[in-house]
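Student: predicted model, plus sequence, below.
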Amino acid sequence: MDIDLPVEIMSTRDAAHSLGVSVRTVQLWVEKGSLEAWKTPGGHRRIYRQSVDSMLAARSPRDGIAASSGDFFEILICEPVTPVAGELESHLKALGPELRIRTAHNGFEALIRIGECCSNLLLTDLMVVNSNGIQMLDALQNTPFMKTMQIIVVTDLNEETLEGLGGLHPGVTKFSKPVPYAQLLRLIRVYMDISKTVKN
């Protein structure tokens with residue numbers, strides 16, 4: 001049975017509905033401190049409505065989600081191995097000074113970062129800590145973030161293994177490891193050009 005909460009308090013389900021994300025994403029934001037909340041003696045999360053309203057107010061009026069701002073093109077790298085993430089970042093810097101890069105080391109962290117600010121591009125491995133990358137992409141599939149964010153997967157998994165994990169969604173581009181950096185950078189430049197056209 002639903003319990004009526006005070007006006008200034010929200011359940012995780014109500015907060016998820018207001019923010020247009022999954023309940024799990026709201027739980028992750030609470031755990032990270034992006035949303036102010038506490039737990040009842042029964043273990044239920046209760047979220048301050050003011051915290052939800054503040055997150056909504058910070059979002060882009062164009063698409064309803066926080067987006068990378070200004071003339072920058074932002075890439076979120078999700079890669080569990082720090083040296084590999086550093087190598088990716090080093091190559092990506094060749095794309096120019098208008099590029100911004102953030103990193104996440106696992107799927108949960110990537111979902112939190114995307115929820116805080118939706119990058120233009122998610123560049124991810126599929127073998128990420130705590131969950132496989134396909135589960136992370138599944139969690140994103142029906143969210144508003146997919147309207148503005150491109151996704152590129154880099155993996156050493158073969159097609160048979162990928163299908164066994166559930167396969168990739170349409171629109172996700174895959175590169176096999178070792179990463180063909182020349183091809184990868186060419187594709188990202190295309191995305192950057194498209195992003196400039198949309199902003200103008």
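Tutor: Thanks, I have it.
Student: contacting residues for the residue minimising distance to the centre of the chain?
Tutor: When the chain is reduced to its mean C-alpha position, the closest residue under CA atoms, centre = their mean turns out to be residue 114, at 3.1 Å. Neighbour list for residue 114: 76, 122, 140, 145, 149 [criterion: CB atoms under 8 Å, 6 or more residues apart in numbering]. (Each C-beta comes from the backbone N, C-alpha and C, glycine too.)
Student: do the same with residue 181
Tutor: Per CB under 8 Å, 6+ apart, neighbours of residue 181: residue 91.
Student: try 10 Å
Tutor: By CB atoms under 10 Å, 6 or more residues apart in numbering, the contact list for residue 181 reads 87, 88, 90, 91, 92, 94, 175.
Student: repeat that for residue 192.
Tutor: When contacts are counted by CB under 10 Å, 6+ apart, residue 192 touches 72, 73, 75, 95, 96, 98, 99, 120, 121.
Student: ok, residue 90 next?
Tutor: When contacts are counted by CB under 10 Å, 6+ apart, residue 90 touches residue 181.
Student: which of the three states applies to it?
Tutor: At residue 90 the chain is in helix, as set by DSSP: H, G, I helix; E, B strand; the rest coil.
Student: against residue 101, how distant is it?
Tutor: 10 Å (CB to CB, to the nearest Å).
Student: what does residue 40 give?
Tutor: From residue 40 over to residue 101 the distance is 40 Å, taken as CB to CB.
Student: neighbour count winner among the two?
Tutor: Taking other CB atoms under 10 Å, residue 40 and residue 101 do not tie; residue 101 has more neighbours (18 against 8).
Student: so where's the chain shaky on pLDDT?
Tutor: For the chain, the stretches with pLDDT under 70 are 1-7, 58-71, 128-132, 198-200.
Student: quick one, strands of it?
Tutor: All strands of the chain, identified by DSSP state E, fall at 9-11, 37-39, 45-48, 73-78, 99-104, 121-124, 150-155, 173-176.
Student: which strands or helices does the third one pack on?
Tutor: Applying 3 or more CB pairs under 10 Å, 6 or more residues apart in numbering; DSSP states H and E, we find strand 45-48 packed against strand 9-11, helix 12-19, helix 23-32, strand 37-39.
Student: looking at those, which is closest to residue 162?
Tutor: Of all the helices and strands packed on strand 45-48, it is helix 23-32 that lies closest to residue 162, at 23.3 Å by CB to CB.
Student: buried residues in the closest one?
Tutor: By neighbour count with 16 or more other CB atoms under 10 Å, helix 23-32 contains the buried residues 25, 26, 27, 28, 29, 30.
Student: cool, stretch 39-51 as well?
Tutor: 45, 46, 47, 48, 49, 51.
Student: tell me the domain ranges of the protein?
Tutor: Annotated domains of the chain cover 9-57, 73-199 [automatic domain parsing].
Student: chain center to the first one: distance?
Tutor: For domain 9-57, the distance from its own C-alpha centre to the chain's C-alpha centre is 18 Å (CA atoms, centre = their mean, to the nearest Å).
Student: much appreciated, bye for now.
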